[in-house]
Structures are given as structure tokens and as C-alpha cells.
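Participant: need a 3D model of the following:
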Amino acid sequence: MMSPIVEHRYPSALDVLQDLRPLLKIKQLVGGRYLITSYLGGNEGVETYLANNLRRQYQSPCLIKQIELPHSDDNNKIQLERHFVEELSVLERLGYHEQIPQLRDHFEENDEFYLVQEYIQGKSLAQRIGQQNLSTAQIIQILDSSLSVLQFIHQNRLIHRNIKPSNLIVRELDQQVIITDFGILHEIKTRSNLVDNRSVDRQIIGHLNRWREDRRLAAIFTPWA
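Facilitator: Model prediction:
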């Protein structure tokens with residue numbers, strides 16, 4: 001007899017297969033060069049993988065984030081692609097800081113957007129808190145390291161908007177805090193669920209308003225937000 005919890009989560013075999021879909025990408029080649037080696041998890045329609053760059057123009061392994069776009073008309077697709085490029089230009093600009101993962105590549109393949117980033121070896125702050133009690137000295141070091149990179153972000157008139165322990169990676173190499181996941185793909189995923197141009201336009205206007213507000217707040221709180 002199936003457990004009530006499992007039965008509630010998986011009312012049908014199709015739901016089971018849906019959850020297993022990301023695992024099917026393991027050992028697949030995407031972008032003509034990235035061999036996916038493992039599945040790291042997913043959240044709100046954004047799947048994350050570890051991969052090796054077979055052409056090795058830069059250090060391997062790398063982190064790959066992927067979202068699947070619904071089938072839509074050409075106008076919607078063009079708007080999503082334009083927004084994707086605009087958002088990634090922000091990451092490219094910020095990625096020159098040593099505490100922000102560098103954007104290595106991005107591409108579209110089979111109605112899926114892919115973002116390739118530098119892989120950071122280390123543990124998230126959430127993991128470290130769960131495993132041990134941090135000393136006062138460790139807490140001060142983490143805060144100092146975090147504020148340094150946040151100051152850089154705010155000086156660029158931007159706000160992360162997704163700061164939480166799971167997005168702060170303590171790099172194994174030097175114990176510096178690396179800020180990850182600016183939520184760009186989640187924003188694109190939200191837009192991709194819209195089905196008509198009018199809805200997309202409303203979302204774009206709303207996004208621009210939020211963007212202007214973020215820039216205003218960044219200017220107010222720089223550098224000690």
C-alpha cells in the first residue's frame with residue numbers, strides 16, 4: 001500500500017516521471033560542449049546541474065542553470081530572449097568581482113535557456129550553520145566579507161533582492177563569502193508562464209518600475225545597506 005504522503009505528492013505515475021525528468025539530463029551534452037555530470041536540485045522551475053566543459057576554454061567543472069520555456073508565439077519568445085540578454089548583461093558586469101561567480105556562457109537550446117557560471121567549491125552559510133555553532137570571530141569574518149561584496153553591488157546601483165544563508169557560499173579556498181543566485185532565471189521563468197503579449201507588457205512595465213525603485217534604494221543605502 002502506498003504511503004499517504006507519497007500518494008498525496010504523486011497522484012499518478014506521470015507526476016513521478018515529471019520529478020525524475022531532470023535526472024535524464026545526466027550524461028547529456030548541452031550547448032555543444034557541456035557534459036552534465038550531476039543534478040544539484042531545482043527550485044521554482046529552475047534546474048541546477050554540475051557539468052564539465054569539454055572544450056576547456058576555462059576551468060571545469062562549471063555550474064549550469066536551466067529553465068524550460070513553454071511553447072508560445074514568436075512575439076512572446078522574442079521578448080523573453082531580449083529580457084534574458086538584458087538581465088545577463090548585469091551578471092556579466094558584476095562577475096568581475098572575485099566574490100561573485102563569473103558568468104561563463106549562456107545559450108538557448110530546444111526551447112530552454114541555459115546559464116553557465118563559475119562553480120564555487122565550498123558550503124553555503126545555511127549548511128555551515130546547520131553543522132556547527134559559529135564562533136564570534138567567524139561571524140565577524142562572514143559579515144565583513146559579505147558587506148564588502150554588497151557594497152560593490154550597491155555601488156553599481158543594483159540590489160540583490162534574494163539574500164539568504166543558502167545563497168551565501170563560504171569558499172573553501174580562502175573562506176571568502178561568495179554571493180550567488182540573483183534570481184534572474186526565476187524572473188524569466190515567471191515571465192515565460194505568461195501566454196499573451198498584453199500580459200508580458202504589463203510584467204515588463206512592472207519590472208521596470210521595480211528596477212527603478214531598486215536603483216533609487218541602492219543610491220540611498222550605498223555603501224552601508
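Participant: for the lengthiest strand in the chain, buried residues please.
Facilitator: Ranked by residue count, the top strand of the chain under DSSP state E comes out as strand 34-43. Going by neighbour count (16 or more other C-beta atoms under 10 Å), the buried part of strand 34-43 is Tyr34, Leu35, Ile36, Tyr39, Gly42. For glycine as for every other residue, the C-beta is placed from the backbone atoms N, C-alpha and C.
Participant: the last one touches Gln66, doesn't it?
Facilitator: No: the pair Gly42 / Gln66 is not scored as a contact, 9.1 Å apart, by C-beta atoms under 8 Å.
Participant: list residues touching both of these two?
Facilitator: The overlap between the contact sets of Gly42 and Gln66 (C-beta atoms under 8 Å, 6 or more residues apart in numbering) consists of Thr48.
Participant: excluding chain neighbours, give the residue nearest to Leu88 in space.
Facilitator: The shortest distance from Leu88 to any residue that is not its chain neighbour, by C-beta to C-beta, 6 or more residues apart in numbering, is 5.4 Å, and that residue is His106.
Participant: per-residue confidence at Glu92?
Facilitator: Glu92 is assigned 80 on the pLDDT scale.
Participant: what about it, how many neighbours?
Facilitator: 11 (other C-beta atoms under 10 Å).
Participant: who are the contact partners of it?
Facilitator: With contacts defined as C-beta under 8 Å, 6+ apart, Glu92 is in contact with Leu103.
Participant: confirm Ser146 sits in a strand?
Facilitator: No: Ser146 is assigned helix when assessed by DSSP: H, G, I helix; E, B strand; the rest coil, not a strand.
Participant: which strand residues bridge the closest residue to it other than its chain neighbours?
Facilitator: Using C-beta to C-beta, 6+ apart and skipping the chain neighbours, the partner closest in space to Ser146 is Val177 (4.7 Å). According to DSSP bridges, the partner residues bridging Val177 are Val170.
Participant: just the pLDDT for the spatially most central residue of the chain.
Facilitator: The centre of the chain sits closest to Asp181, judged by C-alpha atoms, centre = their mean, with a distance of 3.9 Å. Note on Asp181: pLDDT of 85.
Participant: name the SS class of Glu92, please.
Facilitator: Reducing the assignment to helix, strand or coil with three-state DSSP, the entry for Glu92 is helix.
Participant: state the distance from it to Arg161.
Facilitator: Distance check for Glu92 against Arg161: by C-beta to C-beta, to the nearest Å, it reads 18 Å.
Participant: quick check, Ile78 in a helix?
Facilitator: Yes: Ile78: assigned to a helix according to three-state DSSP.
Participant: in this structure, which spans are strands?
Facilitator: Remark: strands assigned in the chain by DSSP E are 29-30, 34-43, 46-53, 62-68, 103-109, 112-118, 122-124, 168-171, 177-179.
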